[in-house]
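1. Got a sequence here, can you model it:
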Amino acid sequence: HFLRSTAIYRPNLMRKGAYFSDYVLSRTYQNYSNLGAVEQVSIVTRPSPQDRLRLMDATITLIPANPHWFRANIDGTNSAGDIGIAPSVSYQHHNIFNGAEQLNIQLKGAYEFITGNKSSSLGSNYYELGGEVSLTFPQFVFPYLKKSWRERPNASTKVSIGLTTQHRPEYTRQFFNTTINYGWTSMRGRLRHGLDFLDINYVRMPWIDDEFR
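-> So this is what the prediction gives:
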């Protein structure tokens, strides 16, 4: 019960009454394996008790994965002799709404000791703070989309919002970005397509040092 019925049905390409296809079986296995909410997949086929000569039954077993994922990094930087550090923290939830949706939260920062001119009113060092939140759906999310496209396997919709603030001795700069991206495959999975439906980047500089200006 860790996945909704629609999330289980969508990756399954095998249909009742269809001819057996090893390709369809392999693609179904791959589709389930690509879901972050699934740890292990097992598909067992055997002759049907109703008609062992003509029919086969398929049993699909899905084992849930740990939905939580956490990572922390700290890097050292050297920019033209200016030494600094850049820590970051990331958290992911691979099944936030029980439909294999993936939530990603990232917080990052940087601090750099700038050498040279120390007469600026903002100080002589540089630091940056930022964060990004994204939500990925394993299907197309779009109004008035026909059912065959909404239930297309290997499709995804990613929505992200980010904000970053930079403080330097010369200026203060702020970045805001938001994107909506669609992805899908074709040619039996050999081609991967991406469409940036929305991509907004806004830059604001609330303060600039007079000498720098």
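
2. in what helix or strand does the residue nearest to the spatial centre of the chain lie?
-> Note on the chain: the residue nearest the mean C-alpha position is residue 136, at 5.2 Å, using Cα atoms, centre = their mean. Here residue 136, judged by DSSP states H and E, is contained in strand 125-137.

3. related to what we said a few turns ago, you'd agree the residue nearest to the centre of the chain is up against residue 158?
-> Yes. Under the criterion of Cβ atoms under 8 Å, residue 136 makes contact with residue 158 at 4.6 Å. Any C-beta I mention is one placed from the backbone N, CA and C, and that applies to glycine too.

4. how about the strands in the chain?
-> Taking DSSP state E as the test, the strands found in the chain are 38-47, 56-64, 68-79, 82-93, 102-113, 125-137, 156-167, 171-186, 191-208.

5. Now render those strands as CSV, adding distance to residue 143 and mean pLDDT.
-> Formatted as CSV, those follow (distance: least, Cβ to Cβ, whole Å; pLDDT from 0 to 100):
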stretch, distance to residue 143, mean pLDDT
strand 38-47, 29, 96
strand 56-64, 30, 96
strand 68-79, 31, 91
strand 82-93, 26, 93
strand 102-113, 22, 95
strand 125-137, 14, 95
strand 156-167, 12, 97
strand 171-186, 13, 96
strand 191-208, 12, 96
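
6. Go through those strands and name the closest to residue 19.
-> Residue 19 lies closest to strand 56-64 among those, at 10.0 Å (Cβ to Cβ).

7. elements contacting that closest one?
-> Here strand 56-64 touches helix 22-33, strand 38-47, going by 3 or more Cβ pairs under 8 Å, 6 or more residues apart in numbering; DSSP states H and E.

8. can you list the residues that contact it?
-> With contact meaning Cβ atoms under 8 Å, 6 or more residues apart in numbering, strand 56-64 is reached by 2-3, 8, 12, 14, 20, 25, 28, 32, 37-48, 95.

9. and if you look at stretch 159-168?
-> Contacts for stretch 159-168 (Cβ under 8 Å, 6+ apart): 114, 122, 126-136, 172-181.

10. Show the buried residues in the residues you listed.
-> Neighbour counting with 16 or more other Cβ atoms under 10 Å marks 114, 126, 128, 130-132, 134-136, 173, 179-181 as buried within these.

11. follow-up on the earlier one: would you mind checking the contacts of strand 56-64 for buried ones?
-> 3, 8, 12, 14, 28, 32, 37-38, 41, 43, 95.

12. Of these, which pair is most distant in space?
-> Farthest-apart pair in the buried ones among the contacts of strand 56-64 is 14 and 95; separation 22.9 Å (Cβ to Cβ).

13. Test my guess that residue 92 contacts residue 104.
-> Yes. Contact criterion Cβ under 8 Å: residue 92 and residue 104 qualify, at 5.1 Å.
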